[in-house]
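Trainee: with the sequence up front, the predicted model follows.
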Amino acid sequence: MESGRTLVLSIDGLDEQDLADCARAAPGASDPLAALASEATALRIRPGGPSEPTPALASLVTGASVARTGVASDHPFDPEQPESRSTWYADAMAVPSLFADAHRKGLTTAALQWPATAGADIDLCLPLVEDLRRYRNRWDMAERTSSPRMVAEHLAPRRSLGVQLSQVVPDDLVTEIAVEVLARDRIDLLAVRLSGLGAVRRAAGLGSAPESRALRDVADAIQEVLTAFSPGSEDRVLLVPGRRLVPTALLVHPNAVLAAEGLARTEGTRLLDFRALVWPDGPRGVVHLRRGQGEATRDRALEALDGLAAHSRLRLRTVDDGVGATAATDVVAVLEGTPGTVFGLSATHRPLVEGQDPYYAGPRAVTDPSAPAVALARGPGLPTAPVEGSWADLGVTLAAAAGLALPEATAAGMCPASVPQG
């Protein structure tokens, strides 16, 4: 007898309240999203750990912490090429994922717009890499980073019809292909990521007209994917919203302070070289020190950043174990802001810009790392009572339910939710 299938559906920018609103707005009990909401168990992702989508999803499919996955932020640190965006590629992942064990067992896998999958052993892989530095155009980029089967069955026909990828909304393409994939074949493990709502909310802000349209669009996309998947009693569905977004209150460019101290060097507006550098990670800033610089440079960088923190809503926390360091740097500290803080990479912008400043040019909303996230789970092996844990714990629980191995997982799995005292 065949075992059940598994669908993992990740929605950037969607939070628990949005999910409840979408389910209530569904037309009836036969609606797939309403049915999932009524039948599923809520799994609570505790505050802390990765708050941005890419590292969270890397932990989810590996069961490992960000210190082990190799994907520690949405934009991984590359000392020689700060503009690098290597989180699209499977070789950025330092530990094996659910896809690897599923492939080893001969299961059919698909991953659509999922981070760190380009080049992986996934039957139907559409990473939607955004890396025009390396490719001539969007079709070249899409075809060279997607799996051969994805190209032959889903991309080549579109290209022959004259589809222009630059004019296609990524989530629309992902939804269309997800429906096609599910109509053609049995897919044992399907991971689909929809990113449009998060992008709109960050760019346009909360409560905007574009946000309202994006929320309707993502609700429709969820319905289409769930309808095409049509889960039976043996199938598993994991719907993963993110942490909530909050309005941006403060944009921080700590590298401007380091540049003023002579610890980072610029050429025009471009970062040229550095001895100490703060790499942005959403509402945090990770302080890297180039190896071989010594204690004097470390102390000088921390003193400059401590002065910045003292005059703003920031906290400078030193790091002793260097978790998140690269081959060329050690991590010596983390700058943490209150909800609504965004860190930027620029070494030439003003160090501090209030979100209400008319010259503010950053995102209008940002993830709140102090907020929990709530995933919905339904199907054999998945929890039937409220549980909680980290993104990595959720990955371990999902792997166990699907009969897959995560040999380098660092988490133990979701555990019963703690009862509030009162």
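Mentor: Received it, and whenever you're ready, just let me know what you need. Numbering: from 1, shown residues only.

Trainee: now do the helices in the chain.
Mentor: In the chain, the helices defined using DSSP state H lie at 16-25, 32-39, 53-62, 66-69, 98-104, 138-145, 148-150, 156-160, 170-184, 196-204, 209-229, 254-260, 294-310, 391-402.

Trainee: where in the chain is pLDDT low?
Mentor: Low-confidence segments of the chain, defined by pLDDT under 70: 1-2, 23, 25-30, 76-86, 321-325, 419-422.

Trainee: if we go to 50?
Mentor: Low-confidence regions of the chain, defined by pLDDT under 50, span residues 1, 83, 421-422.

Trainee: just to revisit the earlier point, tell me which of the helices of the chain sits most buried.
Mentor: Compared across the helices of the chain, helix 53-62 shows the largest average neighbour count, a mean of 28 (mean count of other Cβ atoms under 10 Å). For glycine as for every other residue, the C-beta is placed from the backbone atoms N, C-alpha and C.

Trainee: could you export it as CSV, CA atoms only?
Mentor: Presented in CSV, the C-alpha positions along helix 53-62 are these (Å, rounded to 0.1, in the frame of the first residue of the first chain):
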residue,chain,number,x,y,z
PRO,A,53,11.6,33.4,5.8
THR,A,54,14.7,31.9,4.2
PRO,A,55,16.6,30.7,7.3
ALA,A,56,13.3,29.6,8.9
LEU,A,57,12.4,27.4,6.0
ALA,A,58,16.0,26.0,5.8
SER,A,59,15.6,24.9,9.5
LEU,A,60,12.1,23.5,8.7
VAL,A,61,13.3,21.1,6.0
THR,A,62,16.5,20.1,7.9
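
Trainee: report the distance from it to the chain centre.
Mentor: Taking the mean C-alpha point of helix 53-62 and that of its whole chain, the gap between them comes to 6 Å (Cα atoms, centre = their mean, to the nearest Å).

Trainee: equivalent analysis for stretch 126-133, please.
Mentor: 15 Å.

Trainee: put the alpha carbons of that stretch into CSV.
Mentor: Written as CSV, here are the backbone C-alpha positions of stretch 126-133 (Å, rounded to 0.1, in the frame of the first residue of the first chain):
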residue,chain,number,x,y,z
LEU,A,126,11.5,25.7,-9.7
PRO,A,127,13.6,27.8,-7.3
LEU,A,128,12.8,31.1,-9.2
VAL,A,129,16.4,32.3,-8.6
GLU,A,130,16.8,36.1,-8.7
ASP,A,131,20.5,36.4,-9.6
LEU,A,132,20.8,38.3,-12.9
ARG,A,133,24.6,38.8,-12.3
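
Trainee: can you give me the buried ones in it?
Mentor: Buried residues in stretch 126-133, counted by 16 or more other Cβ atoms under 10 Å: Leu126, Pro127, Leu128, Val129, Asp131.

Trainee: just give me the closest of those residues to Arg202.
Mentor: Minimum distance to Arg202 across those is 17.6 Å, recorded for Leu128 (Cβ to Cβ).

Trainee: burial count for the residue nearest to the closest one when sequence neighbours are not counted?
Mentor: With sequence-adjacent residues excluded and distances taken as Cβ to Cβ, 6 or more residues apart in numbering, Leu128 is closest to Gln113, at 4.8 Å. Gln113 has 25 neighbours, counted by other Cβ atoms under 10 Å.

Trainee: sorry, back to before: turn the buried residues of stretch 126-133 into CSV, columns for distance to Thr348.
Mentor: What follows is the buried residues of stretch 126-133, written out as CSV (distance: Cβ to Cβ, whole Å):
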residue, distance to Thr348
Leu126, 37
Pro127, 32
Leu128, 31
Val129, 29
Asp131, 24
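
Trainee: quick check: the residue nearest to Leu128 vs Gly196, distance?
Mentor: 10 Å (Cβ to Cβ, to the nearest Å).

Trainee: find residues that contact each of the two.
Mentor: The contact sets of Gln113 and Gly196 overlap at Pro170, Asp171 (Cβ atoms under 8 Å, 6 or more residues apart in numbering).

Trainee: need the contact list for the nearest residue to Lys105 once chain neighbours are set aside.
Mentor: Distances taken as Cβ to Cβ, 6+ apart put Leu404 closest to Lys105, at 7.6 Å, once the chain neighbours are dropped. Contacts of Leu404 were listed using Cβ under 8 Å, 6+ apart, and they are Leu98, Asp101, Ala102, Lys105, Leu189.

Trainee: how far away is the fourth one from Ile122?
Mentor: To Ile122, Lys105 is 13 Å away according to Cβ to Cβ.

Trainee: between the two, which has more neighbouring residues?
Mentor: More crowded of Lys105 and Ile122, by other Cβ under 10 Å: Ile122, with 28 against 12.

Trainee: isn't the more buried one up against Leu107?
Mentor: No. Taking contact to mean Cβ atoms under 8 Å, the distance of 10.7 Å between Ile122 and Leu107 leaves them out of contact.
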